[in-house]
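Participant: Predicted model and sequence follow; I will ask about them next.
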Amino acid sequence: MQPTRILQALRYRRLRLTTKDVNKGFYKGTRTGSMGRHTKHGGYIIDWNKVRTYVCPPLDGFKLTPFVTRNMPRTFGQYETKLGPKDPAVYLARWKAENGLD
């Protein structure tokens with residue numbers, strides 16, 4: 001014995017809608033809101049009053065420290081190839097140096 005179609009439909013209605021449940025024209029979105037508006041020429045104008053800004057409180061006397069010490073000098077990579085760190089040969093050489101051979 002199965003429940004009637006109406007009872008099945010009521011149970012289904014309690015679920016959240018997805019784009020596969022309804023016809024075209026349903027846009028779910030990501031609930032992030034707009035940061036501006038579209039122009040009639042296909043551009044986008046940012047409304048700076050809508051942009052989220054985060055204010056960091058003053059960190060004077062803050063007891064936690066960063067993961068990297070502030071006393072460490074900046075280091076820059078020394079690469080002989082044109083691609084730099086994106087070069088696959090450099091990646092493999094570094095991986096073999098750090099992890100050993102297979």
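Facilitator: Sure thing, it's come through. Numbers count the residues shown, from 1 in each chain.
Participant: Helix, strand or coil: sort out residue 97 for me.
Facilitator: At residue 97 the chain is in helix, as set by DSSP: H, G, I helix; E, B strand; the rest coil.
Participant: Helix or strand next in line after the worst-scoring helix or strand of the chain on mean pLDDT, which one?
Facilitator: Taking mean pLDDT, DSSP states H and E as the measure, the chain has helix 5-13 as its least confident helix or strand, at a mean of 61. As assigned by DSSP states H and E, the chain's next helix or strand after helix 5-13 is strand 36-38.
Participant: And that next one, what does it pack against?
Facilitator: With contacts defined as 3 or more C-beta pairs under 8 Å, 6 or more residues apart in numbering; DSSP states H and E, strand 36-38 has these neighbours: strand 44-46. Using the backbone N, CA and C atoms, a C-beta is placed for each residue, glycine as well.
Participant: so what secondary structure elements neighbour the strand it packs on?
Facilitator: Applying 3+ C-beta pairs under 8 Å, 6+ apart, one finds that strand 44-46 contacts strand 36-38.
Participant: The strand it packs on: how far from the chain's middle?
Facilitator: Distance of strand 36-38 from the chain centroid (C-alpha atoms, centre = their mean, to the nearest Å) equals 21 Å.
Participant: That strand pairs with which strands, and in what direction?
Facilitator: strand 44-46 (antiparallel) (DSSP bridges).
Participant: got a list of contacts for the partner strand?
Facilitator: Around strand 44-46, the neighbours that count as contacts under C-beta atoms under 8 Å, 6 or more residues apart in numbering are 35, 36, 37, 38, 39.
Participant: at 6 Å what do you get?
Facilitator: The contact list for strand 44-46, computed with C-beta atoms under 6 Å, 6 or more residues apart in numbering, reads 35, 36, 37, 38.
Participant: before we move on, what about stretch 34-43?
Facilitator: Against stretch 34-43 from outside (C-beta under 6 Å, 6+ apart): 44, 45, 46, 47, 50, 51.
Participant: How about the last one, nearest residue that isn't a chain neighbour?
Facilitator: Computed as C-beta to C-beta, 6 or more residues apart in numbering, the closest residue to residue 51 that is not its neighbour in sequence is residue 35, at 5.6 Å.
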